[in-house]
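Peer 1: 3D model of this:
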Amino acid sequence: MKRYERPLVLETNKIAYLIPGGKLINRFLGEPETETLYSQMWIASVVQSALKGAEDSRSFFVENGRKFFLGEELDREPKLYLGQDFYDEFGVTTGFLLKLLNSRDRLLVQTHPDKEKAGKYFGLPFGKTECWHVLDTEADRTAYVWAGFCPGVTREYFLKLVKNQDTKSILKCLNRFEIKKGDTIFIPAGTPHALGAHSLVAELQEPVDITLRAERFRPDGSELPEESMHLGIGYDGLLDCFDFQCYDEYAMRQRIFLRTEKRSAFWGREETLIDRKTIKKFGMRRLWCTDMTEKLENVPFTVALVLGGSGWIESQSAESQSICRISIQKGTELFLPNGMKKYRYIPDGALEILECDPPMLEKNHN
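Peer 2: Sure, this is the predicted structure:
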């Protein structure tokens, strides 16, 4: 069976980032719950980290003792892996990046450019809208996110705080929300935000690693270079990428906390966390399978992460009719190519799966 006709099982891809963490990622993977600089895990990544001196952050799989990078494999047969229409519009990219995040401390107040600003300042074809789905929180600890400017915050006032590095006042400019397991939070490009500690989130984002920061002092007191804030585009460019539309707490909650949609089926249940037809840039759903689940989705390809349980995923070659069955368990990462067309999950008791889909094609936006 050709690779583009069957699931690709990707290796765990932990990434070191600015603030330590990763304890809840290790718990998810069944590993010792230690904190290190590896506070992120990138899934089905064809994206390189923008941090200077960073390790290779591209995802890969291993077959017959050989290591294959996902992006290079897609480039070999892009129309068969990604679908003709998707390749024609987007080229060799998945159009999104899935991550697991768990930080020991609050992340720095930041924003990401939209498509127009990403092109203007960095020459990139994507901005960075993102969503967070909360998978877990630490027991007896409260997890928060900060998002959106509070009423009265102006560009001039915020710039003064940024230049003075008045970090307490910078944080007070944003609305604060308590988050719990099962919440899904939408962060459009330009939105000022900061993810707090004590949570494990699955982040689905556009496929660029561009972060503009209002702070350069980490919570532990250590200082980052000034360029880590504006990435060389200066303070005017930095402020240009922030959305200064202000919202009170109620209005911001209505804007960013997504209402999910649940449905039952003979095989279990499904919850649409991010509606691809509404958000346009990507989609996410969560499956709880207690019986055989046959999938035939109207999407070019899918990335899946097993959240719980164990079982198998099975696909059949359209050319040879041969069947491929792969054992899966909590933590298994899968890239499901366009050439696979049809597949099924077979639970060994039960399976819980997160599935993510790429952006809508422009011709399907309306």
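
Peer 1: for the rest of this, base every contact and every neighbour count on C-alpha atoms.
Peer 2: Noted.

Peer 1: and the pLDDT at the closest residue to Lys115 other than its chain neighbours?
Peer 2: Nearest residue to Lys115, sequence neighbours excluded (Cα to Cα, 6 or more residues apart in numbering): Gly127, at 3.9 Å. Per-residue confidence (pLDDT) for Gly127: 97.

Peer 1: Gly127 should be in a helix, yeah?
Peer 2: No - looking at Gly127 with DSSP: H, G, I helix; E, B strand; the rest coil, it is coil, so not inside a helix.

Peer 1: burial of it, as a residue count?
Peer 2: 24 (other Cα atoms under 10 Å).

Peer 1: for it, give me its contacts.
Peer 2: Shown in contact with Gly127 (Cα atoms under 8 Å, 6 or more residues apart in numbering): His112, Pro113, Asp114, Lys115, Glu116, Lys117, Ala118, Gly119, Ala189, Glu206, Val208.

Peer 1: dump these to CSV, plus neighbour count and distance to Gly30.
Peer 2: Formatted as CSV, these follow (neighbours: other Cα atoms under 10 Å; distance: Cα to Cα, whole Å):
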residue, neighbour count, distance to Gly30
His112, 28, 32
Pro113, 28, 35
Asp114, 22, 37
Lys115, 17, 38
Glu116, 15, 41
Lys117, 20, 40
Ala118, 20, 38
Gly119, 14, 40
Ala189, 22, 34
Glu206, 23, 28
Val208, 23, 29
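
Peer 1: which one of the residues you listed is nearest to Arg255?
Peer 2: Nearest to Arg255 among the contacts of Gly127, counting by Cα to Cα, is Ala189 at 13.1 Å.

Peer 1: the closest one and Lys117 touch, don't they?
Peer 2: No - counting by Cα atoms under 8 Å, Ala189 does not reach Lys117; the two are 9.7 Å apart.

Peer 1: where in this protein is the helix or strand with the lowest mean pLDDT?
Peer 2: Scoring the helices and strands of the chain by mean pLDDT, DSSP states H and E places strand 293-295 at the bottom, with a mean of 90.

Peer 1: describe which strands it pairs with in its sheet and in which direction.
Peer 2: strand 343-357 (antiparallel) (DSSP bridges).

Peer 1: so in this structure, which helix runs the longest?
Peer 2: Longest helix in the chain, counting residues (DSSP state H): helix 155-164.

Peer 1: name the next helix or strand downstream of that helix, please.
Peer 2: helix 167-172 (DSSP states H and E).

Peer 1: so for the next helix or strand after the least confident helix or strand of the chain, mean pLDDT?
Peer 2: Per DSSP H and E, the first helix or strand lying C-terminal to strand 293-295 is strand 302-316. For strand 302-316, the mean pLDDT works out to 97.

Peer 1: one more: stretch 345-352?
Peer 2: 97.

Peer 1: how about it: buried residues?
Peer 2: Within stretch 345-352, the residues scored as buried using 16 or more other Cα atoms under 10 Å are Tyr345, Ile346, Pro347, Asp348, Ala350, Leu351, Glu352.

Peer 1: show me which of the residues you listed is closest to Glu215.
Peer 2: Glu352 (37.8 Å).

Peer 1: distance of that closest one from Val145?
Peer 2: 26 Å (Cα to Cα, to the nearest Å).

Peer 1: same check on Lys363?
Peer 2: For Lys363 relative to Val145 (Cα to Cα), the value is 35 Å.

Peer 1: those two: who's more crowded?
Peer 2: The neighbour comparison of Lys363 against Val145 (other Cα under 10 Å) goes to Val145, with 19 against 8.

Peer 1: with adjacent residues omitted, what lies nearest to that one?
Peer 2: That would be Leu195: by Cα to Cα, 6+ apart, it lies 4.7 Å from Val145.

Peer 1: I'd guessed the one you found sits against Val134; true?
Peer 2: No - judged on Cα under 8 Å, Leu195 makes no contact with Val134 at a distance of 11.1 Å.

Peer 1: tell me which stretches of the stretch 51-200 of the chain form strands.
Peer 2: Ranges of strands in the stretch 51-200 of the chain, per DSSP state E, counting those that start in this stretch, are 60-63, 66-69, 97-101, 110-111, 130-137, 143-149, 174-179, 184-187, 193-195, 199-205.

Peer 1: including mean pLDDT and distance to Gln316, could those go into CSV?
Peer 2: Listed next are those as CSV, based on pLDDT from 0 to 100; distance: least, Cα to Cα, whole Å:
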stretch, mean pLDDT, distance to Gln316
strand 60-63, 97, 19
strand 66-69, 97, 23
strand 97-101, 98, 26
strand 110-111, 98, 43
strand 130-137, 98, 32
strand 143-149, 98, 43
strand 174-179, 98, 41
strand 184-187, 98, 34
strand 193-195, 98, 42
strand 199-205, 98, 29
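
Peer 1: would you turn these into CSV with distance to Trp267?
Peer 2: Formatted as CSV, the strands of the stretch 51-200 of the chain follow (distance: least, Cα to Cα, whole Å):
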stretch, distance to Trp267
strand 60-63, 30
strand 66-69, 34
strand 97-101, 26
strand 110-111, 40
strand 130-137, 22
strand 143-149, 33
strand 174-179, 30
strand 184-187, 24
strand 193-195, 35
strand 199-205, 24
